[in-house]
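Novice: predicted model follows, preceded by the sequence.
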Amino acid sequence: MTSLRQIESNRRNAAKSTGPVTELGKQRSRCNAVRHGLTAETVIQFLEDAEDYTAFELSVTANFDVQTAVERELVLRLAGLLWRLRRATAIETGLLQINCAEGLWADSDHGVPAEQNSNAAIAARFLVLNRTDGGAFERLNRYETGLWRQLGQLLVTLEFLRRNVSL
């Protein structure tokens, strides 16, 4: 059981804590609860450029002649899903790059000659990473599958709305 003296000491120490002071420390602490960012509510994370997303969103929405507010929301959702699919590709690429940079794979370790085509090298790196990544590729695959499913449903819904509005 915690003594009254310990409780008071804890309160005094907590009052001295001011949290992060530098901008870098504040940015880092904002991400404390984020494990991987895949299921985040917002599309843009700290490592992505909001202006890039805005330009991407505009290019996607320009291809649709929205007639209703619901169509507009669905098209904005479409842009968000496509952005997240781009993010999944970037994550997969990054995982392979990190794997190579950390020296977790070497040509001689797996019997793949260095002069062989890049597909074999990528496959070998994937196999090694898949054994050492703690399930990152599996989670990424589930995430991407869910995005594609949502995208398909959204496109069917948009098409349905367009057919019914034109009647």
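Specialist: Structure received.
Novice: just the strands in this structure please.
Specialist: With DSSP state E, there are no strands along the chain.
Novice: low-confidence ranges in it?
Specialist: Filtered on pLDDT under 70, the chain yields the residue ranges 27-46, 101-117, 165-167.
Novice: 90 - rerun?
Specialist: Applying pLDDT under 90 to the chain flags the ranges 1-51, 63-68, 90-140, 161-167.
Novice: which residue ranges of it form helices?
Specialist: 4-16, 23-30, 50-61, 69-101, 118-132, 136-165 (DSSP state H).
Novice: dump these to TSV, plus mean neighbour count.
Specialist: No exception for glycine: its C-beta is placed from N, CA and C like everyone else's. Conversion of the helices of the chain to TSV gives the following (neighbours: other C-beta atoms under 10 Å):
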stretch	mean neighbour count
helix 4-16	9
helix 23-30	10
helix 50-61	13
helix 69-101	16
helix 118-132	14
helix 136-165	14
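Novice: once you drop chain neighbours, what's closest to residue 48?
Specialist: residue 87 (7.6 Å; C-beta to C-beta, 6 or more residues apart in numbering).
Novice: what about that neighbour, distance to residue 65?
Specialist: Distance of residue 87 to residue 65, computed by C-beta to C-beta, to the nearest Å: 27 Å.
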